[in-house]
Structures are given as structure tokens and as C-alpha cells.
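Peer 1: here are the coordinates; sequence isn't available:
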């Protein structure tokens, strides 16, 4: 069965500091991996995704993530935090069935706080 | 439409009443999903639609919950005899189908049962 673990339910960084949000997954088949961001009182917005190919993927708002199969990880990073990055971030995994059922399994989320 | 639309955005109801939550997916998206997000919790899968059929309804918490989708488009999630533990944000998402696309989410319906 697939699962996603996000280490740290709350992360706090200073403005301009590195952002690192951790995600580890378990999957018996090659996974598709996603990061979503949720701003207050809004739905989830796709930040980036890994399907196949290059293991370092770039997303919106300067975020990127690297798929490391040997570590079963897909950590999210941003070199320099901005106040507007304060939000909740969710990592998700799905099966890679072509044309099939895309059921995303979500982690519990990490709330990012950015302070001046 | 341009995005996934959910209505109402907020709903306060009395315990024991029935509620209907509506989701209008992106035009052409064949897959539609309902999730529940309780305060401080992650996302709990409720049900998945492919077209008008629901191959996976394993996440519905009880028989008080039901959902339908008509015309391969709009979906309605119905909660009968609401309980306080049903209070949560109900999120709808749609996808073109296929595992690599990810979902597009609506802004959710915040349900409060008093």
C-alpha cells in the first residue's frame, strides 16, 4: 500500500532563509509524486510534480523538489523564503497506471511559517 | 469553466439536518474526487467518479454520506442527519484522468454543524 510521511507538521523559517519540507513515500510501483500548497481558506494548488524523466523538478513560486528513489524521498526546497510562502504544504503520491485511476494519497501536511 | 467551482462556500446547519454540497468540475475532466479536511488534519479521501459511475466509494464514512454525478459533470455530495463530527471543509477536485495529471481543486465548502 502507498503512504506518504511528511516530517514536521510545523516548520518556521526566517524571511530569506532556505525552505526545506520533507516528504518520504512508500510505494510498491514507480510513483508519481506531487506537492500542493494551500493558502488560508483556499483549495489546494499544484506546486510541482514528478512523473518520469529528470529527477529534479521545478515548480511555481521558485520551489523545486528532487525525487530520490534510493531514499524514497521527494523533499521540497526553496532557496530564499518569502513572507507570501506562508501556507500549508501537502505531499502526495499516486500509482503510475496509464489511463487508470489516479487516486492521490496525501501526507498530513506541513504548515510553513515565515517570520521577518 | 476555468476552474473547479464549489458551492456553497460556507454552510452552517443544525445537527440532524440534511445538506447538499455541489461541485462543478473543469469542463472535459472525466475524473472527479471528493475529499474531507478536518481542522488541523490532512485530506481524507471520500469518493471517486469516472464519468457518472463511482468505482471507489471506500472513503465514505457512513451510510449517511452519498454522492452522485450527472452528465459526467456536476457532482453533489449529500450528508443526511448531520452530526457535529461532520464539520469540516469538503474539497472537490477534478482531473483529465490518468495518473500523471494531478488534480485541480476547488476552494471547498466549509461545513459547520451546530
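Peer 2: Right, received. Where do you want to start? From a predicted model like this one, the values you see are computed outputs, not experimental measurements. Numbering: from 1, shown residues only, chains lettered A, B, ... in the order given.

Peer 1: quick one: contacts for the residue in chain A positioned nearest to chain B?
Peer 2: Residue of chain A nearest chain B, by CB to the nearest CB: residue A:43 (3.6 Å). Backbone N, C-alpha and C define where each C-beta goes, glycine included. Counting by CB atoms under 8 Å, 6 or more residues apart in numbering or on different chains, residue A:43 touches B:4, B:6, B:91, B:93, B:105, B:106, B:107, B:108.

Peer 1: Going by distance to chain A, which of the residues you listed wins?
Peer 2: residue B:105 (3.6 Å).

Peer 1: Surely residue B:16 touches residue B:84?
Peer 2: No - between residue B:16 and residue B:84 there is no contact under CB atoms under 8 Å: 10.5 Å.

Peer 1: pLDDT weak spots in chain A?
Peer 2: Applying pLDDT under 70 to chain A picks out residues A:1, A:95-102.

Peer 1: One more: chain B?
Peer 2: Using pLDDT under 70, the flagged stretches of chain B are B:1, B:99.

Peer 1: Recalculate using a threshold of 90.
Peer 2: By pLDDT under 90, the weakly predicted segments of chain B are B:1-2, B:38-45, B:50-51, B:54-58, B:72, B:96-102.

Peer 1: where do the strands sit along chain B?
Peer 2: B:5-7, B:10-13, B:19-24, B:31-37, B:43-50, B:53-56, B:65-69, B:75-79, B:88-95, B:104-105, B:109-113 (DSSP state E).

Peer 1: Adding distance to chain A and mean neighbour count, write those strands out as a markdown table.
Peer 2: Below are the strands of chain B laid out as a markdown table (distance: least, CB to the nearest CB, whole Å; neighbours: other CB atoms under 10 Å in any protein chain shown):
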| stretch | distance to chain A | mean neighbour count |
| --- | --- | --- |
| strand B:5-7 | 8 | 18 |
| strand B:10-13 | 10 | 14 |
| strand B:19-24 | 11 | 19 |
| strand B:31-37 | 6 | 24 |
| strand B:43-50 | 4 | 20 |
| strand B:53-56 | 7 | 14 |
| strand B:65-69 | 15 | 18 |
| strand B:75-79 | 15 | 20 |
| strand B:88-95 | 6 | 24 |
| strand B:104-105 | 4 | 22 |
| strand B:109-113 | 8 | 18 |
